[in-house]
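Visitor: Provide a 3D model corresponding to the input given below.
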Amino acid sequence: MAQAPLLQLSGISLTFGGEPVFSDLGLVVQPGDRVALVGRNGSGKSTLMKVMAGLVEADDGTRVVPPGISVGYMEQEPDLTGFATLGDFAVSELDASEMYRVEAASEGLKFDPARPVETASGGERRRAALAKLMAEDPELLLLDEPTNHLDIEAIGWLERELKSTRKAFVLISHDRRFLSELTRATLWIDRGAVRRAEQGFEHFEAWRDKVWEEEDQQRHKMDRKIKAEARWAVEGISARRKRNQGRVRALQDLRAERAAMIRRQGTAAMDLASGPSSGKKVIEAEGIAKSFDDKTILKDFSIRIQRGDRVAFVGPNGVGKTTLIKMLTGEETPDTGDVKLGTNLVPAIFDQSRSRLDGEMSLWENLTGDPEMRVSGKADQILVRGEPKHVVGYLKEFLFDERRVRAPVRSLSGGEKARLLLAKIMARESNLLVLDEPTNDLDIETLDLLQDLLGDYDGTVLLVSHDRDFLDRVATTTVAMEGYGRATVYAGGWSDYRSQRGETTAAPEAPKAQPAKKAEPKPKPGKSGLSFSEKHRLEELPGVIERLEAEIGKLNQLLTDPGLYEREPVKFRKATEALSERQDKLSAAEEEWLVLEEKAGG
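Guide: Predicted structure coming up:
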C-alpha cells in the first residue's frame, strides 16, 4: 500500500516587494526521500524551504502535512533568547530519555553544550541548532546550508548520520561532495519554477545543461517562425486586398509567447587580473612557531611557496589556519622562526568574516568609498584594474540588480555578500590571492567560474576551505593542521592528502534501506578458479587499461609543447603530476590483469 506524502505544496504563489518569487508552484516529498534543493543565488531556495517548514505563508496555494508527521527546519540564524547555554537550547524539546542524542551530536559537530549563549559565536549557535534538530529526529528534515561553519571532520560526521537515517530530508548546500554523497533526487528552482529529477545531485549539471539546450532550440525555432510570419505580413499586403486576420492574430500570439519567455540569468562576469609578476620565491618560512596563552597553534613549521602555487590549508575549526596564513603573509609575527617574503608582492585578501564590507553602507558606497577604487572628481565611477568604470555597470557584471545598489550591505544574502567582496578584490590587480572560506554561500555556477579563474591566474593562491570538491579542483599543495601545533605539507588537493595518509576520501557508506527480497545463493567460483567479483574485474580491466593509455597519450602530447612550462607553469605541474599518477595506475592495472589471468588459467 502506497504511503502518503510527508509534505505536499500545491499552487503556491508568493510575492516579495512587488516581485513574484513563485507562481503556481507544486512539489511533493515522499517518505525516504533524499533531495537536493538547488538553484542560483537569489532564486528563492531558502524562501521555498521556509514555505515547506510552514514559517512563511504563501499568498496562494496549500501546504499539506499529514497528522502526526513532524517537520524539522534548521534555522540559519536560530533564536536562543531565554536560554543560558547552548546545551539548554539543544535539549529544550527533548524527553530525558532522548538527551543523550545531543551529547553525541555535540561531539560530532564540535560545540560545547556548556558554552554560555551570550558568548557563543554565530557558527556555534548554528551547530547547536543543527544538533537540536538531529536529536529531535523528525520524519522530515529541512536543512539550509547545514555545512556552513562546519569543518571537514564535522561535515563527515553529518554525512554519516544522514546516510544512516531512514528519515526523509531536503538539503540546500553549496558543497558538491556533500550533495553527491547523500541525495537521490533533485529539486531545481529556475526562474520561479521547480523541476524534479529522480536522480541525485551528481547528475544535476548534465540534466540542467540538457534542459537549457532544449530551451535554446525552442527559442531559436520560435524566433525563425516569428521572422517568417512577420515577412509574410509585410510583403503580402500589396498582393492581397484583405489580410488573413487569423494568421495576423497568430503572429501576435507568437510574439507574446516569445516575450513571456524568461531569459536565464547569465554568469557573473568575474575576472582576475594579475599585477606585476612577483619573484619566483613568494614565501619562505623556516621553523616558525606560535602560541596563545597555553594553547600551541604551531611548532617548528617550514614551507617554501613559489610563484604559481595554489596552497590549501585544512584542519578543524579553531586549529589556527587563518593565524598561519597571517604569519606567512607578514600580518602576524611568529614567536620563533623566520618568514621571508618575496619581492614585488601585491596581495588581495578575501576574509572569512567579510570585515572589508561595511554592513551599514550601501553596495554603491562600499565600492566608491574604497580609497583604492575611488576616481577623483567622479562620484559614480570606480577604478577597475586601473580603468574608470561606472559603479552600477560593474555591479551588474556581478549579477546585482540596478534597483538594489543603494540598499545596505546587511540586507544581502550570504552569497551576495561573497560576490560583492569578490567584486572588490577583483577590481584591483594582484599577484598573491588570500582566500579564507571563499566558497561559503556561493552558487554552483559562481563556484565553477571562480575555479576556472584561479586555474588561469598567474599569481599565487593561499586558500582556506572546507569544500572538499573545490580543494581537489584548485589546490596543488595541501597543508594539514592537525592540532597540538602539528602541520604537515602534502602534494595535491584534499583527496591526494587523504590518500597519502592512507585514508578514504569520502565518509564511510552506510547501508541503504532496500525493499525486502528473497535471499539468493552467492555465486560460486567457476572452474577457472576465479570468484564472481574477480571474473568481473578481469573482464573490465582491459577497458581500464585502454582508458589509462589514452589519457597518458594526451598528457604526453600536452607536455611536448616546449613553451608550456614558461607560459603556464601551474598547468605544466598539474599535467606532470597527472602523468605520473596515471602511469602508476597503469602499471598496477597491468599487474592485476596478469595475476587474474594466471589464476583463471590455473
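Visitor: got the buried residues for stretch 11-26?
Guide: Residues 12, 14, 21-22, 25 are the ones in stretch 11-26 that count as buried (16 or more other Cβ atoms under 10 Å). Where you see a C-beta, it was placed from the backbone N, CA and C, and this is true even at glycine.
Visitor: where is pLDDT lowest across the residues you listed?
Guide: Among these, V21 carries the weakest pLDDT, at 84.
Visitor: now that residue: which helix or strand?
Guide: strand 19-29 (DSSP states H and E).
Visitor: next structured bit after that strand?
Guide: strand 34-38.
Visitor: alpha carbons of that following strand, as CSV, please.
Guide: Extracted in CSV, the C-alpha atoms of strand 34-38 (Å, rounded to 0.1, in the frame of the first residue of the first chain):
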residue,chain,number,x,y,z
ARG,A,34,16.8,12.3,-0.1
VAL,A,35,16.5,15.5,-2.0
ALA,A,36,19.0,18.2,-3.1
LEU,A,37,17.3,21.7,-3.5
VAL,A,38,19.4,23.7,-5.9
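Visitor: strands paired with the strand holding V21, and their directions?
Guide: In the sheet, strand 19-29 lines up against strand 7-16 (antiparallel) (DSSP bridges).
Visitor: skipping its backbone neighbours, what lies nearest the most centrally placed residue in the chain in space?
Guide: Central residue of the chain (Cα atoms, centre = their mean): H174, 3.1 Å from the mean position. Leaving aside its chain neighbours, H174 sits nearest to L442 (5.7 Å; criterion: Cβ to Cβ, 6 or more residues apart in numbering).
Visitor: how about R304?
Guide: R304's closest residue in space is E284 (Cβ to Cβ, 6+ apart), at 5.0 Å.
Visitor: that neighbour: what's it in contact with?
Guide: For E284, the contact set (Cβ atoms under 8 Å, 6 or more residues apart in numbering) comprises 303-305, 339-340, 342.
Visitor: so which of the residues you listed is the most crowded?
Guide: I305 (23 neighbours; other Cβ atoms under 10 Å).
Visitor: pretty sure that residue contacts T329?
Guide: No: at 10.3 Å, I305 does not count as touching T329 under the criterion of Cβ atoms under 8 Å.
Visitor: tell me, what's touching the two both at once?
Guide: Residues touching both I305 and T329 (Cβ under 8 Å, 6+ apart): 283, 462.
Visitor: what score does I305 have for pLDDT?
Guide: 95.
Visitor: an error on my part: the question was meant for S97.
Guide: pLDDT for S97: 81.
Visitor: give the helix, strand or coil label for it.
Guide: helix (DSSP: H, G, I helix; E, B strand; the rest coil).
Visitor: ranking helices and strands of this structure by mean pLDDT, which lands last?
Guide: Lowest by mean pLDDT, DSSP states H and E among the helices and strands of the chain is helix 245-260, with a mean of 63.
Visitor: where do the helices sit along the stretch 51-200 of the chain?
Guide: In the stretch 51-200 of the chain, the segments counted as helices under DSSP state H, counting those that start in this stretch are 86-90, 100-109, 122-136, 152-164, 176-182.
Visitor: same list, these, but as TSV with distance to V311 and mean neighbour count please.
Guide: Supplementary listing: the helices of the stretch 51-200 of the chain in TSV, determined by distance: least, Cβ to Cβ, whole Å; neighbours: other Cβ atoms under 10 Å:
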stretch	distance to V311	mean neighbour count
helix 86-90	34	24
helix 100-109	28	18
helix 122-136	24	22
helix 152-164	17	19
helix 176-182	20	22
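Visitor: distance to L564 and mean pLDDT added to those helices, as a markdown table?
Guide: Below are the helices of the stretch 51-200 of the chain laid out as a markdown table (distance: least, Cβ to Cβ, whole Å; pLDDT from 0 to 100):
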| stretch | distance to L564 | mean pLDDT |
| --- | --- | --- |
| helix 86-90 | 53 | 94 |
| helix 100-109 | 45 | 90 |
| helix 122-136 | 43 | 91 |
| helix 152-164 | 33 | 93 |
| helix 176-182 | 29 | 94 |
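Visitor: ok, which of these comes nearest M52?
Guide: With Cβ to Cβ as the criterion, M52 lies closest to helix 122-136 of the helices of the stretch 51-200 of the chain, at 14.3 Å.
Visitor: what inclination does that closest one have with respect to helix 152-164?
Guide: Computed by axes from the mean of the first three to the mean of the last three Cα atoms, to 10 degrees, the angle separating helix 122-136 from helix 152-164 equals 20 degrees.
Visitor: list the helices and strands helix 122-136 packs on?
Guide: Other helices and strands packing on helix 122-136, by 3 or more Cβ pairs under 8 Å, 6 or more residues apart in numbering; DSSP states H and E, are strand 71-74, helix 86-90, helix 100-109, strand 140-144, helix 152-164.
Visitor: what's the closest of the ones you listed to E215?
Guide: Closest among the helices and strands packed on helix 122-136, using Cβ to Cβ: strand 140-144, at 28.1 Å.
Visitor: can you list the buried residues in the host helix or strand of E549?
Guide: Assigned by DSSP H and E, E549 belongs to helix 532-559. Neighbour-count burial for helix 532-559 flags 534-535, 538, 541, 544-545, 548, 551-552, 555, 559 (criterion: 16+ other Cβ under 10 Å).
Visitor: do the same with stretch 370-380
Guide: Under 16+ other Cβ under 10 Å, the buried positions of stretch 370-380 are 370, 373, 375.
Visitor: residue contacts, the first one?
Guide: Pointing back at D370 there. 382, 424 are the contacts of D370 under Cβ under 8 Å, 6+ apart.
Visitor: and it, helix, strand or coil?
Guide: D370 is classified as coil under three-state DSSP.
Visitor: and the gap between it and P408?
Guide: Applying Cβ to Cβ, to the nearest Å, the value for D370 to P408 is 16 Å.
Visitor: returning to that earlier point: dump the contacts of E284 into a markdown table; add distance to K110 and secondary structure as well.
Guide: Formatted as a markdown table, the contacts of E284 follow (distance: Cβ to Cβ, whole Å; DSSP: H, G, I helix; E, B strand; the rest coil):
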| residue | distance to K110 | secondary structure |
| --- | --- | --- |
| I303 | 26 | strand |
| R304 | 32 | strand |
| I305 | 29 | strand |
| V339 | 30 | strand |
| K340 | 35 | strand |
| G342 | 36 | coil |
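Visitor: all helices of the stretch 351-500 of the chain, in order?
Guide: Under DSSP H, counting those that start in this stretch, the stretch 351-500 of the chain gives helices at 363-368, 391-397, 414-426, 444-456, 468-474, 494-500.
Visitor: looking at these, spot the one closest to S97.
Guide: helix 468-474 (36.1 Å).
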